[in-house]
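>>> Make a model of this:
(chains A and B)
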Amino acid sequence: MKKITNFIIDQKLIIIIIVLIIALSVEDKSFFTVKSLASILEHATIIGIMAAGMTVLLISGSFDLSVGSVMAFTGIITIMLQKPLGLFLSVLIGLIAGTMVGVINGLLVVKGRINAFIATLGTMVIFKGFGLALTGSSPVKGTIAAYQFIGQGQVFGVDITLFYLIAIFIIVWYLLKYTKFGRNDYAIGGNILSARLSGINVNLYTLYYFVFCAFTAAVSGIILSSRVNTGNAVFGDTTNLTVIAAAVLGGTSLFGGKGGVIGTIQGVIILGLIERAMVVFNVDTNYQLLVRGIIILFVVVTDAVTSRRKKLDIEKGVMEKGA
Amino acid sequence: MKKIVIGLLVVAFAFTLLMGGVSCKQTAAEVTTAAEVTTAAAAGMKIGYSMPFIEDSPYCFPFSKALQASVETRGWEMILTDAKGDINTQANQVEDLVAQGLDGLFVMPTDAAGIVSVLEKVHGEYPDLPILISNTLTDPAEIASVKGFAGPNSYLEGKQMGAEYVKYVEKMGYDIINYCHMTGMAGYGAAIDRENGFNDALKEAGAEAKFNMLDLQPGDWSPDKGQTLTENWLTTFGDELQMIYAHNDGMGIGVVNALKAAGVEPGKIVTNGCDGQTQAVQMVKDGWMLFTIFQSPISDAELSMSVMGKIFNGEKVEYFTYLETPTVDASNAAEYLPKAIEIWGAEY
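Residues are numbered from 1 along each chain as shown, chains lettered A, B, ... in the order given. A predicted model of the protein is given here:
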């Protein structure tokens, strides 16, 4: 009996996903088709890619509030450079510019010893400010038609963005599971002191995680600016908390040391299914936030309760063995 | 320390979740649309309406209620989505809406330029679906993938406001007037339009030289920011300051509150509003504001619905259908006050 309840609690995300899919399929006959299911992931691409990067950073015990600004900033740089530099170089420089924000964030945190909350809040405002200054507060429009393929193109009947999402998640999954990059991530987030004592260059790796997180935000910036063929400093004003929510919903701890991208993709899918459910069930907009809040709180609270219970079980086990 | 910061983050997150929910207690008086259903539009139509925000905006909330009322009188069914100010969310929602099998789609763009390629994609997939841009113009204003636009023209509103100030300066016989320019939130279409419209009106009247701008700052549409900004301007410019041009009622109300607090006589420093909220109309009546522009969210919603009704009936519609936005000044404020109360409630 206990095994069954434990299984349900452990796999609660999958169960929520299945329940949502069944409910949606019953209400909307056209929902359970490849095209429609794929669109859930297609729509989740921009948030999902950033959530993968955020997961890596959260595991190390830090976080980044500047991802939305980095996304908008990258889009602006890329679109503005299209005319003088052409497609390839503008995308490359856009990616580099966005990723550099991660270098600044990382240096502020590890060298400046500034708290990640304050440091990334600062860069969030600064780079939105840069965006506003560069564009004179008006949106900039893309000039190269081919650029739009990056965010709008279709391959094998599905949006090309779906493949970026899958690729990023496979890469992050591999990095976390099989490389030093990943093992050190969990070690630093689990216990920074013992990580340092065991010879891990904590500062260097923390910097890597900030840079990686900013890189994923830059990639999302390219996709978004291509999808809407526009760069605007106000894009991404509310993105950072959605991204953190997706990762935390997937079981990655805000305290570091725990989590992974398999949970994150489930979190991203749940957020996407909730969005779709709002449309399919035509939920009164007055209640939408309430519904979202309840689902997120349910997952996070059960997570807190079960991890406490597991800890108690382990302690009990140790004590029994000791006796 | 770490725990405190994480606590802060959790609070911030919970706060954003709650924001919309809390602010929706801003109940505008139960909206009863004087539905002038001019066209006998077909009943049973299923429409989708993609809004950029609902509860977060004092204008959009009564607007959404008016949409619902209008849809009910027509016997249509409506799915309404709220993008929470995010263009990516709006793009997703538009695609989700059309997948529901609609007879007509309305879009109020979150981003005037960004929405264009989203609409092109949707039009490519559903070429027979009529799409109407509502309330906020796209950039460029006319695009091939939609049937038209219905709503106010914020550029023309800016011009209208500029012209009012030109009239004022002529009436007072000033050779030069020192003013501050309070814009809406940087990067948003209505703020850009109301700035350009205002400047163009001065240019067209040949009165540019008479208007000496001391400062231009964003007031982010908000009364609080408007008040703080005005307090700073009063300290910096003192008696030099004669006029504050504000992009909406919210900020204009903030300006007046600051003037009242500083003990400035009504009418000594002139300011304005734009929207026609109850408080602003009252301030016009009391002589604190020179004028406001009456932009009724109820007429605005009704206008979009009636244009779509014409499209359903197969009637030909012009691409642009603009909402009438009359000026409310000292001469007619008393007449507009009851209308404002009906739309926004007595306190708003």
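>>> quick one: contacts for the residue nearest the centre of chain A?
Geometric centre of chain A, nearest residue: A:Ala51, 0.7 Å, by C-alpha atoms, centre = their mean. Applying C-beta atoms under 8 Å, 6 or more residues apart in numbering or on different chains to A:Ala51 gives the contacts A:Val243, A:Ala246, A:Ala247, A:Gly250, A:Thr264, A:Gly267, A:Val268. In this view, the C-beta of every residue, glycine as well, is placed from N, C-alpha and C.
>>> ok and the residue in the stretch 151-300 of chain A nearest chain B?
A:Val228 (3.4 Å; C-beta to the nearest C-beta).
>>> What's the per-residue pLDDT of the closest residue to that residue other than its chain neighbours here?
Excluding its sequence neighbours, the residue lying closest to A:Val228 (C-beta to C-beta, 6 or more residues apart in numbering or on different chains) is B:Gly114, at 3.4 Å. pLDDT recorded at B:Gly114 is 91.
>>> Strands of chain B, residue ranges please.
B:46-51, B:77-82, B:104-107, B:131-134, B:148-151, B:177-183, B:211-218, B:243-246, B:270-271, B:291-293, B:320-322, B:327-329 (DSSP state E).
>>> Ok, which of the ones you listed comes nearest chain A?
strand B:77-82 (4.7 Å).
>>> Is there contact, residue-wise, from the closest one to chain A?
Yes. Shown here: strand B:77-82 in contact with chain A (C-beta under 8 Å from any C-beta of the partner chain) through B:Ile79, B:Leu80, B:Thr81, B:Asp82.
>>> contacting residues for the third one?
Counting by C-beta under 8 Å, 6+ apart, B:Thr81 touches A:Met278, A:Val279, A:Thr285, B:Gly48, B:Tyr49, B:Ser50, B:Met51, B:Gln90, B:Gln93, B:Asp96, B:Leu97.
>>> Find the closest residue to chain A in the stretch 101-250 of chain B.
B:Gly114 (3.4 Å).
>>> isn't the residue nearest to A:Val228 right next to A:Thr230, touching?
Yes. Contact criterion C-beta atoms under 8 Å: B:Gly114 and A:Thr230 qualify, at 4.1 Å.
>>> For the longest helix that chain A contains, which residues meet the burial criterion?
In chain A, taking DSSP state H as the definition, the longest helix is helix A:285-322. Of the residues in helix A:285-322, A:Thr285, A:Gln288, A:Leu289, A:Arg292, A:Ile295, A:Ile296, A:Val299, A:Val300, A:Asp303 count as buried by neighbour count, 16 or more other C-beta atoms under 10 Å in any protein chain shown.
>>> which helices and strands sit right next to that helix?
helix A:2-10, helix A:12-27, helix A:239-249, helix A:261-280, helix B:2-23, strand B:77-82 (3 or more C-beta pairs under 8 Å, 6 or more residues apart in numbering or on different chains; DSSP states H and E).
>>> from these, which stretch is densest packed?
With neighbours defined as mean count of other C-beta atoms under 10 Å in any protein chain shown, the helices and strands packed on helix A:285-322 peak in mean count at helix A:239-249, which reaches a mean of 26.
>>> quick one: contacts for the residue nearest to the residue nearest to the centre of chain A when sequence neighbours are not counted?
Spatially, and ignoring its direct neighbours in sequence, A:Ala51 is nearest to A:Ala246 (4.1 Å; C-beta to C-beta, 6+ apart). Contact analysis of A:Ala246 by C-beta under 8 Å, 6+ apart lists A:Ile47, A:Gly48, A:Ala51, A:Met54, A:Thr264, A:Gly267, A:Val268, A:Leu271.
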